[in-house]
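> return atomic coordinates for the entry below.
(one chain, ligands or ions: 1)
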Amino acid sequence: MLKHRARLQAALARIKIKRKVSRNQDLLPSSIQQTQNDVIPRYVRVNTLKTSLEDVIDYLKREGFSYQGTPGRLEDLDRLSGKMFLCDLHLKDLLVFSGKTDFHDHFLYKAGHIILQGKASCLPAFLLNPPVGSHVIDACAAPGNKTSHLAAIMKNKGKLFAFDLDAKRLSTMSTLLLRAGVTCHKLANQDFLKVDPQNSEYKEVKYILLDPSCSGSGMVCLRDELPETQEDGRLQALAAFQLHCLNHALQFPQLERIVYSTCSIHSQENEEVVTACLQRNPGFRLVHLLPDWPERGHEPLTQCLRASTAKTRTHGFFVAMLERRPAQSDKETPPCQHTIVIC
Ligand SMILES: C[S@@+](CC[C@H](N)C(=O)[O-])C[C@H]1O[C@@H](n2cnc3c(N)ncnc32)[C@H](O)[C@@H]1O
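Take a look at the predicted model:
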């Protein structure tokens with residue numbers, strides 16, 4: 001997009017003249033203009049494969065940004081303006097700026113030292129938290145923000161198998177991973193549903209991140225207005241695909257933990273998919289995620305997380321973590337750092 005910036009700007013100016021408006025936002029449909037008032041800050045993930053949180057904070061301070069520390073409460077984010085920034089309340093290595101801050105032309109972004117990734121989208125890799133040196137699958141990976149986050153958590157050690165059906169998105173992903181300094185990955189332009197769990201290549205895979213295609217209804221800027229009947233059919237098809245992927249992922253013989261996420265606000269793609277999967281796979285159970293997180297999955301799946309502009313200052317999102325139940329004779333696996341296990 002940056003390559004075509006001048007032509008895009010000229011086209012935008014022509015559209016504004018034609019529609020007789022002066023501000024870009026006046027071009028948006030009124031339903032979307034309203035949601036623009038819901039403030040979502042700009043989140044910046046520090047890429048620890050290339051730098052550290054401290055170095056990025058220092059660099060930005062030298063550039064005139066004003067570091068405000070860690071907020072006491074969510075509402076502190078609403079007071080961000082100009083060059084002020086904060087650390088995130090929940091996720092280390094995540095910085096928060098006013099929603100108007102643009103880093104697309106910034107050196108740190110172009111050099112892969114920071115990744116422009118929404119907070120909710122950082123939750124899956126953060127919660128899966130695969131150990132350094134582990135074998136991990138990112139099942140529907142492109143364009144790869146979560147893959148690069150996983151690689152950072154794994155310190156580029158171990159194996160990160162990343163699949164996606166879409167060749168174009170994978171090619172973008174390849175460029176982004178190179179820029180982010182990711183080296184522990186193996187990309188495959190492959191249907192995850194056709195990946196054989198019994199293949200010896202995956203015999204040590206204990207962690208899977210599954211972020212399949214979804215309606216995108218949580219993305220504030222993408223909220224669509226399909227007629228209800230069409231929307232129902234689309235959601236049913238998506239939910240069937242998501243459940244198929246989740247059931248398939250649980251077939252990997254050494255799997256210990258899987259994180260399932262969507263940027264959808266519909267229970268059909270979230271709690272209902274997880275419930276159906278658990279019914280079919282009694283050997284797995286839900287993990288209670290981040291007890292301090294303010295928005296939970298719909299009853300009775302309160303172990304899961306939801307996110308929204310109003311309650312978490314993010315796009316709408318859903319995350320569940322499933323864990324293999326220990327065999328009767330096994331000792332309990334220690335719960336992962338960010339979670340409490342409940343049956
Ligand atoms: C929500 S996006 C993934 C975003 C990605 N996890 C990230 O954080 O950048 C869903 C992806 O699933 C891919 N996809 C859809 N069906 C798939 C399948 N059967 N196997 C593998 N990938 C698939 C799509 O091409 C799309 O790139």
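> how many neighbours does residue 198 have?
Applying other CB atoms under 10 Å, we find 9 residues neighbouring residue 198. The way it works is simple: take the backbone N, C-alpha and C, and place the C-beta from them, glycine included.
> so what does it look like in phi/psi?
As for residue 198, its main-chain torsions (degrees, to the nearest 10) stand at phi -90, psi -10.
> distance of it from residue 137?
For residue 198, the distance to residue 137 equals 14 Å [CB to CB, to the nearest Å].
> and stretch 252-259, how far out from the chain middle?
What separates the centre of stretch 252-259 from the centre of its chain is 19 Å, taken as CA atoms, centre = their mean, to the nearest Å.
> can you give me the buried ones in that stretch?
Of all the residues in stretch 252-259, those buried under the rule 16 or more other CB atoms under 10 Å are 252, 255, 256, 257, 258, 259.
> and if you look at stretch 65-80?
65, 71, 77, 80.
> so what's the nearest residue to the last one once chain neighbours are set aside scoring on pLDDT?
What that stands for is residue 80. Distance criterion CB to CB, 6 or more residues apart in numbering; nearest residue to residue 80, sequence neighbours excluded, is residue 98 at 4.3 Å. pLDDT recorded at residue 98 is 96.
> that older thread, let's see which of the buried residues of stretch 252-259 end up in helices.
Among the buried residues of stretch 252-259, no member falls in helices (criterion: DSSP state H).
> now, among those, which is nearest to residue 46?
Lowest distance from residue 46 to the buried residues of stretch 252-259 (CB to CB) belongs to residue 259, with 21.0 Å.
> partners of the closest one in the sheet?
Beta-bridge partners recorded for residue 259 (DSSP bridges): residue 209, residue 321.
> on that earlier part again, which one of the buried residues of stretch 252-259 is nearest the ligand?
Closest to the ligand out of those is residue 259 (10.8 Å), distances taken as CB to the nearest ligand atom.
> who's in contact with the closest one?
124, 125, 127, 128, 208, 209, 210, 319, 320, 321 (CB atoms under 8 Å, 6 or more residues apart in numbering).
> from the stretch 101-250 of the chain, which residue is nearest to the ligand?
residue 140 (3.1 Å).
> check whether that residue sits in a helix, strand or coil.
coil (DSSP: H, G, I helix; E, B strand; the rest coil).
> all strands of this structure, in order?
Using DSSP state E, the strands found in the chain span residues 42-46, 66-67, 84-87, 94-97, 114-115, 135-138, 159-164, 185-189, 205-210, 257-262, 284-289, 305-307, 317-324, 339-341.
> could I get those strands in CSV, plus columns for distance to the ligand?
Formatted as CSV, the strands of the chain follow (distance: least, CB to the nearest ligand atom, whole Å):
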stretch, distance to the ligand
strand 42-46, 11
strand 66-67, 28
strand 84-87, 22
strand 94-97, 15
strand 114-115, 10
strand 135-138, 7
strand 159-164, 4
strand 185-189, 9
strand 205-210, 7
strand 257-262, 8
strand 284-289, 18
strand 305-307, 15
strand 317-324, 11
strand 339-341, 21
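> which one is residue 135 nearest to, not counting chain neighbours?
residue 204 (4.2 Å).
> what's near enough to touch the residue most central in space within the chain?
Ranked by distance to the mean C-alpha position of the chain (CA atoms, centre = their mean), the top residue is residue 121 at 2.1 Å. For residue 121, the contact set (CB under 8 Å, 6+ apart) comprises 145, 146, 263, 315, 317.
> cool, residue 67 as well?
Per CB under 8 Å, 6+ apart, neighbours of residue 67: 57, 60, 61, 85, 86.
> among those residues, which two are most distant?
Greatest spacing in the contacts of residue 67, by CB to CB: 61 and 86 (13.0 Å).
> quick one, phi/psi of the closest residue to residue 166 other than its chain neighbours?
Nearest non-adjacent residue to residue 166, counting by CB to CB, 6+ apart: residue 142, 5.9 Å away. Phi and psi for residue 142, reported as degrees, to the nearest 10, are phi -70, psi 150.
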